[in-house]
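**Q** pasting the structure only:
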């Protein structure tokens, strides 16, 4: 059913190659199977194999047909809305009907079971009070049988159940079921033999209830959730095993006397089964897995009989009144549901019309026609959306122009980022006497951190790590200038404080005071394992010698703030196996959600804990510790590491 205003369109669906293969396989398998059945009916496993292939191909094709049909249904909004209303409004009806049916069956079963227990109790009490000749049992206060009219419960036998018997209960002896009815005398009880075909007791229960009744013996096991009626031993669970008397031709079931069955069908047919289960009074724990003896009263009746008994009152017609009231309420509910369904489909049609107009308008815009307008008069959200579309069409061309400009800028920034990364040396290198491992993580497209390592004219190795204030294109230009200036000055033979003084003048002339650069620089001689450290406001690097951690502090101003500044240098002696760690403030100042910085203490703790594991493990440990500290909070500054392992 399609809501009003919707339109259907037929879409050509191209079959996938695999689908065509499965279809050919199905046809071939069916043809081969037909030939085998005609030519060699006794082909054995070959025929079964071909049929299995055909069944597999058919199942796969059915699945794909269903998936394609579903995609076709939900492709159009109108059909999707109709399908949604179907799922919401129609599908719950059979589910609700099934739930109500199951609930009704459970209620009917419980009602019939309670009725069975009540009536068999009444039969027993009436039989005892009427003076019927019943076998009697007398028990002493200590639970021992004093006198008994049944052979299986002789004098001296244990019968503790008799003293506490408040209402009739069940006893079992092998294949026999008895109803023990407490007598007026304390410790005495009369016994009704229920599954004796010659006894009138079950017939009386059938007459009083109107059900076909019977009695059986079962076995209860409580270590599982299952329930079944069977005459064989099973695994743990609640089992009801039928035990018929070997000398009887049939089980002890009785139909109520009077008119024959009311008929057949769902309402009048006797198909409703009910059970009442009760553990026998003399049930005892047997060997492991055998469980307890259970008496089972069974009943078979019709829903009509249970309904009449459930609503029975002093006036017979009262059940008809209840039935009419129920049918009237059901008719009202169904009527309201039908009206609601019609309104829902009407609303779906209104939505579909506006959406179809929007679809045609968006298709025109996709073709480049920006003059199209929806011009919807609806005053709902769909109408607001249509008017928003009309306003959007007026500004699309301007937005496209802005987008083009933005894309050009992003392309240029991407190129600048690539160039900046290419300005940096490889993050891993093995030089003469030194292993280098670096990590560069900019917070913006173009970062402000910088690291480098070059060979000096005198054969020494120069290592540097710097940080330019700010982010973005201006910072990237300053980093590129610093890279070029440092490389040129090093190649010209400048070193230490003289190198930094020239760099300071270069940066000061080339930028405003808001931009400056911190820089740490180590000129290392691998032959003598001695180096000259120079620093300009950069965080002091760490030297790790065995278990000793040392901060190589050398305070100074950053480069570019003031002209004519001098920068200190200091010679350091190193040993084989020493590790020197340069780092930027983006690692130390990384904060968590409470604005608590990672700090030097945590950084030094990571260095002490992982220095002996190698440069790669140390780098990973530092980054992991910072990430764990900051959590999901994005980085606020570039994070750069330069780790030197001296050999």
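**A** Sure, I can see it. This one's a predicted model, so the numbers in the text were calculated from it and none came from an experiment. Numbering: from 1, shown residues only.

**Q** Let me see the mean pLDDT of stretch 550-570.
**A** Mean pLDDT, stretch 550-570: 91.

**Q** all helices in the chain, in order from the N-terminus.
**A** 17-39, 45-75, 77-85, 92-129, 201-209, 303-310, 318-366, 381-423, 473-491, 496-510, 585-588, 599-610, 615-630 (DSSP state H).

**Q** Just give me the neighbour total for the spatially closest residue to residue 267 that is not a sequence neighbour.
**A** The shortest distance from residue 267 to any non-neighbouring residue, by CB to CB, 6 or more residues apart in numbering, is to residue 304 (5.3 Å). Every residue, glycine included, has its C-beta placed from N, CA and C. Other residues within reach of residue 304, judged by other CB atoms under 10 Å, total 18.

**Q** Quick check, pLDDT for residue 304.
**A** pLDDT at residue 304 comes out at 87.

**Q** distance of it from residue 328?
**A** 20 Å (CB to CB, to the nearest Å).

**Q** With residue 100 instead?
**A** Taking CB to CB, one finds residue 100 at 17 Å from residue 328.

**Q** before we move on, what about residue 571?
**A** Counting by CB to CB, the gap from residue 571 to residue 328 is 105 Å.

**Q** my read: residue 522 touches residue 463, true?
**A** Yes - assessed by CB atoms under 8 Å, residue 522 is found in contact with residue 463 at 4.7 Å.

**Q** what do these two both touch?
**A** When contacts are counted by CB atoms under 8 Å, 6 or more residues apart in numbering, residue 522 and residue 463 are jointly contacted by 580, 582, 644.

**Q** which of those residues lies closest to residue 414?
**A** The nearest member of these to residue 414, counting by CB to CB, is residue 582 at 28.0 Å.

**Q** Tell me the buried residues in stretch 356-369?
**A** 356, 357, 358, 361 (16 or more other CB atoms under 10 Å).

**Q** Tell me the one among those nearest to residue 611.
**A** Nearest member of the buried residues of stretch 356-369 to residue 611, counting by CB to CB, is residue 358, at 64.1 Å.

**Q** and the buried residues of stretch 356-369 as JSON lines, adding distance to residue 401 and pLDDT?
**A** Listed next are those as JSON lines, based on distance: CB to CB, whole Å; pLDDT from 0 to 100:
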{"residue": "356", "distance to residue 401": "31", "pLDDT": "77"}
{"residue": "357", "distance to residue 401": "27", "pLDDT": "79"}
{"residue": "358", "distance to residue 401": "24", "pLDDT": "80"}
{"residue": "361", "distance to residue 401": "21", "pLDDT": "83"}
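
**Q** With respect to residue 40, which of these is nearest?
**A** Nearest member of the buried residues of stretch 356-369 to residue 40, counting by CB to CB, is residue 356, at 59.5 Å.

**Q** thinking again about what came up before, looking at the helices of the chain, spot the one closest to residue 186.
**A** Using CB to CB, these put helix 92-129 closest to residue 186, at 14.6 Å.

**Q** Report the angle between that closest one and helix 201-209.
**A** 130 degrees (axes from the mean of the first three to the mean of the last three CA atoms, to 10 degrees).

**Q** Next, the buried residues of helix 92-129.
**A** 108-109, 112-113, 115-116, 119-121, 123-124, 127-128.

**Q** Need the max-distance pair from the residues you listed.
**A** Most distant of the buried residues of helix 92-129, by CB to CB, are 108 and 128, 30.7 Å apart.

**Q** ok, residue 322 to residue 310 distance?
**A** From residue 322 to residue 310 the distance is 9 Å (CB to CB).

**Q** hey, what's in contact with both of those two?
**A** With CB under 8 Å, 6+ apart, residue 322 and residue 310 have no common neighbours.

**Q** Let's see the pLDDT reported for the closest residue to residue 208 other than its chain neighbours.
**A** Among residues not flanking residue 208 along the chain, residue 119 sits closest, at 4.4 Å (CB to CB, 6+ apart). Residue 119 carries a pLDDT value of 95.

**Q** what's the answer for residue 70, then?
**A** 69.

**Q** Would you confirm that the residue nearest to residue 208 contacts residue 205?
**A** Yes - using CB under 8 Å, residue 119 is in contact with residue 205, at 5.2 Å.

**Q** which regions of the stretch 351-500 of the chain sit below the pLDDT cut-off?
**A** For the stretch 351-500 of the chain, the stretches with pLDDT under 70 are 397, 412, 416.

**Q** among the shared contacts of residue 522 and residue 463, which are in strands?
**A** If you go by DSSP state E, those have 580, 582, 644 in strands.

**Q** The last one against residue 463, yeah?
**A** Yes - with contact defined as CB under 8 Å, residue 644 reaches residue 463; the gap is 6.2 Å.
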